[in-house]
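Asks: kindly generate the corresponding structure for this input.
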Amino acid sequence: MGRNLNERASGDREYDWLWDSMVFAEHLPPPRKALSLGCGTGLVERRLRERDICQEIDGLDVAAGALAEARRLAAEEGLDGITYSVADLNDCTLPEEAYDIVYAHASLHHVFRLEHLLDEVKRTLKPRGLFVLYEYIGPSQMQFPREHLQIADAVLRLVPERYRRNIRWERTQLKDQAPRLSLADVLAVDPSEAVRATEIVPIVASRFRVRRLRYLGGTLLLLVLSDIAGNFLTDDAEAERIVEGLIQLDSFLVDSGALPSYHVYMVCEKSDDRLAIQAQAVPLQQHARPQVSGYDAPPDERTPHPLEPKALVTGLRARVEELESYVALVHATRGWRALERYRRARNALPRRG
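Replies: Have a look, this model is predicted:
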């Protein structure tokens, strides 16, 4: 499954998103200083250090216990240059122009105050610094639409029963449908879970220049494999075939527009453009544009803004031509009939004087 995500992120099954993001960091020479948001037990930081992608890394997380484990694991692997601090991403204040790269791995979808955090990220990046995120962007608060669930239910019924034993219930029950989670249940377990997930891409694109965006899919996989993924062991040939089939079906459904992508990978650059989102052709809603699995910024430093003179003239001319064609079409069909009726009615009115 990881190799499929690599391919969707970078185009290479052996090349993950962390390696891929460095394509855009050539203007950021070592030593690079990075910040990891919502770092948990520190997997991203350890990978960055062992590959020597970044030489100094600060990790922030609200869970002190997770940070203690992160420190232990880094020390166990003999990795230096990593420090950890407790912080709530909803109200943290970050130092100005302190980091070359900021990473967010599965953390933004837990943030209530996205605008505040992203403004802080922009402030803490050095000029032309990078913001790299790998995120869940599916339905907010896990309120999955019926049409998504129905597709997942149909696929789930094709999975043999021995792989549908619900691990949460110690395999005593079969999973027979995709998860239906009430809002009350989600809030009871974690009020921050996917709280504003669907807003992440547009809010990021409104503040940064998007250099790369990849819709990773994972929609069908999340709905079908939640609570049963542990049944698919790596030494089970049939289980591997089923998982591979689910991966291929997931990609097909997402790329065809039948399902939206629940996950995204983005590489963004700090920019002073106050109209960033209007100046970019970023596909903010992948499911509305089938066959669009991602976006790469053009090689020039800045895409011409739609309101710049040349673009404005070209756009207006095209719009005028479109309206002229529409008027001609209406006139050639029913429009002239309505006009004639109006003229007859007006002529039938008694004249004054």
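
Asks: can you give me the strands in this protein?
Replies: In the chain, the segments counted as strands under DSSP state E are 33-37, 56-61, 82-86, 99-105, 125-136, 208-217, 263-270, 294-296.

Asks: would you single out the least confident of the ones you listed?
Replies: Mean pLDDT is lowest for strand 294-296 among those, at a mean of 72.

Asks: circling back to that earlier point, possible to save the strands of the chain as a markdown table with mean neighbour count and distance to residue 247?
Replies: For every residue, glycine as well, the C-beta is placed using N, CA and C. Shown next, in a markdown table, are the strands of the chain (neighbours: other Cβ atoms under 10 Å; distance: least, Cβ to Cβ, whole Å):
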| stretch | mean neighbour count | distance to residue 247 |
| --- | --- | --- |
| strand 33-37 | 25 | 28 |
| strand 56-61 | 23 | 30 |
| strand 82-86 | 16 | 33 |
| strand 99-105 | 24 | 21 |
| strand 125-136 | 22 | 18 |
| strand 208-217 | 24 | 8 |
| strand 263-270 | 24 | 13 |
| strand 294-296 | 16 | 18 |
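
Asks: nearest to residue 1, of the ones you listed?
Replies: Comparison of those against residue 1 by Cβ to Cβ identifies strand 208-217 as nearest, at 10.7 Å.

Asks: partners of that closest one, with directions?
Replies: Here strand 208-217 is paired, per DSSP bridges, with strand 263-270 (antiparallel), strand 294-296 (antiparallel).

Asks: now those as CSV including distance to residue 47?
Replies: Converted to CSV, the strands paired with strand 208-217 look like this (distance: least, Cβ to Cβ, whole Å):
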stretch, distance to residue 47
strand 263-270, 15
strand 294-296, 22
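
Asks: specify the stretch among the strands of the chain that is closest to residue 153.
Replies: Going by Cβ to Cβ, the one of the strands of the chain nearest residue 153 is strand 208-217, 18.5 Å.

Asks: is it true that residue 231 touches residue 168?
Replies: No - between residue 231 and residue 168 there is no contact under Cβ atoms under 8 Å: 11.9 Å.

Asks: so which of these two has more stuff around it?
Replies: Under the criterion of other Cβ atoms under 10 Å, the comparison of residue 231 against residue 168 puts residue 231 first, with 20 against 11.
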